[in-house]
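> No letters, just coordinates:
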């Protein structure tokens with residue numbers, strides 16, 4: 001169901017050598033991490049939602065920002081089961097309230113905080129071989145095995161584009177316009193400006209264990225080719241407690257010379273159909289420069305054009321079966337014709 005969800009664990013045990021396709025949707029939602037697996041060849045998947053975020057910054061006399069966020073992603077599996085092309089976009093719209101003067105000043109802020117196009121490649125897949133099932137032992141099939149901790153590993157790389165001439169959220173900073181708020185004009189400095197393009201690389205791992213648990217890690221190097229390169233990690237643990245329900249907890253750490261933070265998220269996902277997932281998340285950080293609270297809801301939808309791999313032997317067998325079927329049909333036709341000729345001969349006699 002979801003990238004880290006154990007919904008997919010039930011199908012990983014029957015994955016064939018040629019692919020990682022599952023019967024249920026494999027979403028990167030909820031949460032911020034990305035799973036190690038691609039969506040599967042000939043799969044087009046949409047992941048979208050809305051969020052509300054509240055910021056309060058003690059460093060600017062408790063200036064606040066309250067905004068609505070729209071997120072949208074498109075994932076396309078192509079050429080091979082291990083390849084995926086992804087677009088991720090985040091757009092924010094809200095009011096920045098400055099308390100640096102006696103009369104609070106309210107500014108409307110809007111713009112993209114992310115426009116990322118990336119290519120994911122599955123480097124290592126521990127589920128390539130079919131899982132052996134012991135028909136005599138439940139414990140053997142469901143007990144913990146150390147080898148289950150060996151993760152799948154993928155690498156996602158690509159550029160992020162800064163759209164808009166006057167993007168007020170450079171480097172994702174909602175307080176960017178308050179940078180040196182009182183004196184920056186006198187000092188001949190300006191707010192930070194993000195370049196038109198920078199690069200991001202994410203190494204993702206994904207481990208499945210105890211049948212209903214999934215652990216995902218992301219290690220990213222972001223904003224390469226900008227003034228403020230950023231390193232981050234995300235740790236996500238998901239548990240499926242019902243065939244249609246899963247819950248997760250997540251920890252994210254961000255480090256750059258411009259911004260440092262630690263965030264926590266928790267949420268749940270529900271499998272509406274094999275191709276539709278809905279989810280919700282609550283989250284916060286642990287500091288006040290700024291303090292962040294957020295809530296979001298989203299949906300993932302899959303268009304499934306996947307075709308199972310057919311080997312040369314299977315194709316040859318299908319051709320033989322079709323040939324046999326055609327031959328039997330021709331024999332039956334000849335038999336009916338022969339019986340008809342015999343009946344006509346008897347009548348003439």
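Yes, it's here. A quick note: this is a predicted structure, and the numbers were derived from the prediction, not measured. Residues are numbered from 1 along each chain as shown.
> for the stretch 201-349 of the chain, what are the low-confidence residue spans?
Counting by pLDDT under 70, the stretch 201-349 of the chain shows low-confidence ranges at 307-319, 337, 344-349.
> again, only this time at 50
The stretch 201-349 of the chain contains residues with pLDDT under 50 at 311.
> Residue 293 versus the residue lying closest to residue 69 once chain neighbours are set aside, what's the distance?
Of all residues not flanking residue 69 in the chain, residue 51 sits nearest, at 4.2 Å (C-beta to C-beta, 6 or more residues apart in numbering). Every C-beta, even on glycine, is put in place using the N, C-alpha and C of the backbone. Using C-beta to C-beta, to the nearest Å, residue 51 is found at 11 Å from residue 293.
> what do you get for residue 262?
Distance, residue 262 to residue 293, by C-beta to C-beta: 14 Å.
> In contact with residue 174, which residues?
If you count contacts by C-beta atoms under 8 Å, 6 or more residues apart in numbering, residue 174 has them with 55, 65, 67, 92, 94, 96, 109, 168, 290.
> ok, which stretches of the stretch 1-150 of the chain are helices?
Using DSSP state H, counting those that start in this stretch, the helices of the stretch 1-150 of the chain run over 9-12, 138-142.
> lowest-confidence stretch among the ones you listed?
The minimum mean pLDDT among the helices of the stretch 1-150 of the chain belongs to helix 9-12 (a mean of 42).
> quick one: the strands in this protein?
Ranges of strands in the chain, per DSSP state E, are 43-57, 63-77, 83-98, 105-124, 152-161, 197-209, 213-224, 230-242, 245-255, 260-273, 276-285, 291-304.
> Look up how far residue 154 lies from residue 86.
From residue 86 across to residue 154, the span is 11 Å (C-beta to C-beta).
> wait, I meant residue 124
8 Å.
> quick one: which of the two has more around it?
residue 154 (23 against 13; other C-beta atoms under 10 Å).
> can you pull the pLDDT of that one?
In this model, residue 154 carries a pLDDT of 97.
> Run through the bridge partners of it.
residue 122, residue 204 (DSSP bridges).
> That one: what's it in contact with?
Contacts of residue 154 by C-beta under 8 Å, 6+ apart are 35, 36, 37, 38, 120, 121, 122, 123, 203, 204, 206.
> of those, buried ones?
35, 36, 37, 38, 120, 122, 203, 204, 206 (16 or more other C-beta atoms under 10 Å).
> hang on, the second one packs against residue 205?
Same thing as residue 36. Yes: here residue 36 reaches residue 205: they are 5.9 Å apart, a contact under C-beta atoms under 8 Å.
> between those two, what contacts are shared?
Joint contacts of residue 36 and residue 205 (C-beta under 8 Å, 6+ apart) are 151, 152, 153, 216.
> Skipping its backbone neighbours, what lies nearest the first one in space?
With C-beta to C-beta, 6+ apart as the measure, residue 205 is the residue that lies nearest to residue 151, at 3.8 Å, once sequence neighbours are left out.
> Could you report the neighbour count for the one you found?
18.
> Give me the below-cutoff pLDDT ranges for the stretch 1-150 of the chain.
In the prediction, the stretch 1-150 of the chain carries residues with pLDDT under 50 at positions 5-6, 8-19, 134-135.
> Quick one: residues contacting the residue nearest to residue 151.
Applying C-beta under 8 Å, 6+ apart, the residues near residue 205 are 36, 151, 152, 153, 216, 217.
> now it: how far from residue 271?
As defined by C-beta to C-beta, residue 205 lies at a distance of 24 Å from residue 271.
> Quick check: the gap between the residue nearest the centre of the chain and residue 196.
The residue lying closest to the centre of the chain (C-alpha atoms, centre = their mean) is residue 28, at 2.2 Å. Applying C-beta to C-beta, the value for residue 28 to residue 196 is 26 Å.
> can I see the domain layout of the protein?
Here the domain parsing of the chain from automatic domain parsing is 9-309, 312-349.
> ranking those by burial, who's on top?
Most buried of the domains of the chain by mean neighbour count (mean count of other C-beta atoms under 10 Å) is domain 9-309; its value is a mean of 17.
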